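Participant: Okay, structure incoming, though there's no sequence with it:
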C-alpha cells in the first residue's frame, strides 16, 4: 500500500501488508498479491486475490471508487453544514476573468443570474450556459440578483479561440447555505456530486467528438493549477477542491477502461459469464493496452491545459 508514487522514503509492515510513503506523495495505489496469475504463488493460495470468489473480488475493486465518492460526499456535506461556500447548481457567478465581457459589464462574484433576454433561467447553471451559446455573439440583457436588489446589465459574448463556443469569461461560483440541517446538507452534497459526475462524463465524451470543445477536460497541469488556486483562497476552498476532486476520481475510475477499476469489473463480469478467467498473457496485454491509452488520454489533457 503506497501513499504517492516513486521511491519509498519510509516503509512499515503491519501483518502481511507493507506500507510505503514515497518521494512523490500525490495520490497512491494498492498492489494486491495475486492480481494476475503469473505463477508466483500457489493455485490454492487463499491469500492471493485471483483465488477469491468473483463476488469478493468485485467488492474489493469497487471499494476504492466507493470510498472516493463517499469521502467527497461527506466532506461537501460537512462544509455545507458548517456554512462554508460550496459548489452550487444555481447560476451564481465566480469572479470574472479580466478583459472578458462579464468583467467589462461589471458583473462581480456572487451575482445570481435571474434571466437573460427576459427568459427566466430557473436558477440553473446549465440554462445560463445554453443561453450564452444561443446568443451567438448578440448583446444579451442580464437581470442579476445582487444582495437585496435586482440589476439589469448588457453582456455580449465573444467566441472562444477554437471558435466552437461563446464566452463571457466567468465560471460557476460557490454558495453559502445558512442554517442548513444535516439532512439538507447531505441532500445538497448528493445533488452536487451527481452534477460533478455529469460534468466529468461530458468532458470525457468531448474527447471523442469533433464537434465539441475540449475545454472542459483538464489534465494533471490543470488539476495542479486549480489546487494551487484553492490553496491561495484558503482552507475552505482547498477542502471544496479536494471533495470535488475525490468525486471526479471515483467517477473516472469506474469507467469501463482497461487499467481502471471499471475495466477490472468488466473483466470479472466476463470471467463470470465464461466460467473461467482469462489467460495471464491476455490479461497482461489488455492491461498494458489500457495503460497506454490512459497515458495518451493524460497527454491530451496536458496539451489542453497548456493551450488554455
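Facilitator: Yep, it's here. A quick note: this is a predicted structure, and the numbers were derived from the prediction, not measured.
Participant: how near is residue 140 to residue 94?
Facilitator: 19 Å (Cβ to Cβ, to the nearest Å). Every C-beta, even on glycine, is put in place using the N, C-alpha and C of the backbone.
Participant: Compare these two (neighbour count), which wins?
Facilitator: residue 140 (22 against 15; other Cβ atoms under 10 Å).
Participant: List the buried residues in the host helix or strand of that one.
Facilitator: In the assignment (DSSP states H and E), residue 140 maps to strand 139-146. Using 16 or more other Cβ atoms under 10 Å as the test for burial, strand 139-146 gives 140, 142-145.
Participant: Counting by contacts, list what it packs against.
Facilitator: When contacts are defined as 3 or more Cβ pairs under 8 Å, 6 or more residues apart in numbering; DSSP states H and E, strand 139-146 sits against strand 112-116, strand 149-156.
Participant: Next secondary structure after the first one?
Facilitator: Taking DSSP H and E as the definition, the helix or strand that follows strand 112-116 towards the C-terminus is strand 119-120.
Participant: Let me see the mean pLDDT of that next one.
Facilitator: Mean pLDDT, strand 119-120: 86.
Participant: Buried residues, the next helix or strand after that strand. List them.
Facilitator: Toward the C-terminus, strand 119-120 is succeeded by helix 125-135 as the next helix or strand (DSSP H and E). Neighbour-count burial for helix 125-135, counted by 16+ other Cβ under 10 Å, picks out 125, 127-128, 131-132, 135.
Participant: Could you single out the nearest of those to residue 23?
Facilitator: residue 125 (39.9 Å; Cβ to Cβ).
Participant: if we can go back for a sec, would you list the buried residues of helix 125-135 in TSV and tack on distance to residue 246 and pLDDT?
Facilitator: Output for the buried residues of helix 125-135, formatted as TSV (distance: Cβ to Cβ, whole Å; pLDDT from 0 to 100):
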residue	distance to residue 246	pLDDT
125	21	76
127	27	81
128	26	85
131	31	89
132	30	90
135	35	91
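Participant: Among the residues you listed, which one sits closest to residue 271?
Facilitator: The closest of the buried residues of helix 125-135, once distances to residue 271 are taken by Cβ to Cβ, is residue 125, at 41.9 Å.
Participant: so that closest one makes contact with residue 93?
Facilitator: No - counting by Cβ atoms under 8 Å, residue 125 does not reach residue 93; the two are 9.7 Å apart.
Participant: got any residues that touch both of these two?
Facilitator: residue 172 (Cβ atoms under 8 Å, 6 or more residues apart in numbering).
Participant: Now residue 270: closest residue in space, sequence neighbours ignored.
Facilitator: Excluding the flanking residues, the one nearest residue 270 by Cβ to Cβ, 6 or more residues apart in numbering is residue 278, at 7.6 Å.
Participant: Now do the contacts for the one you found.
Facilitator: 267, 270-271, 286.
Participant: Spell out which helix or strand contains it, please.
Facilitator: Residue 278 belongs to no helix or strand, assigned by DSSP H and E.
Participant: Can you check the pLDDT for it?
Facilitator: pLDDT, residue 278: 78.
Participant: Likewise for the one 5 residues further on?
Facilitator: At residue 283, the model reports a pLDDT of 77.
Participant: And residue 134, by the same measure?
Facilitator: 90.
Participant: what's the neighbour count on the residue nearest to residue 45 when sequence neighbours are not counted?
Facilitator: Sequence neighbours aside, residue 51 is the residue nearest to residue 45 in space, at 5.9 Å (criterion: Cβ to Cβ, 6+ apart). Other residues lying near residue 51 total 16 when counted by other Cβ under 10 Å.
Participant: give me every residue that touches residue 172.
Facilitator: 87-88, 91-94, 125.
Participant: Tell me the buried residues within those.
Facilitator: 87-88, 91-93, 125.
Participant: For residue 56, see how far away residue 65 is.
Facilitator: 17 Å.
Participant: Also residue 29?
Facilitator: Distance from residue 29 to residue 56, by Cβ to Cβ: 20 Å.
Participant: For those two, indicate the residue with more neighbours.
Facilitator: The neighbour comparison of residue 29 against residue 56 (other Cβ under 10 Å) goes to residue 29, with 13 against 10.
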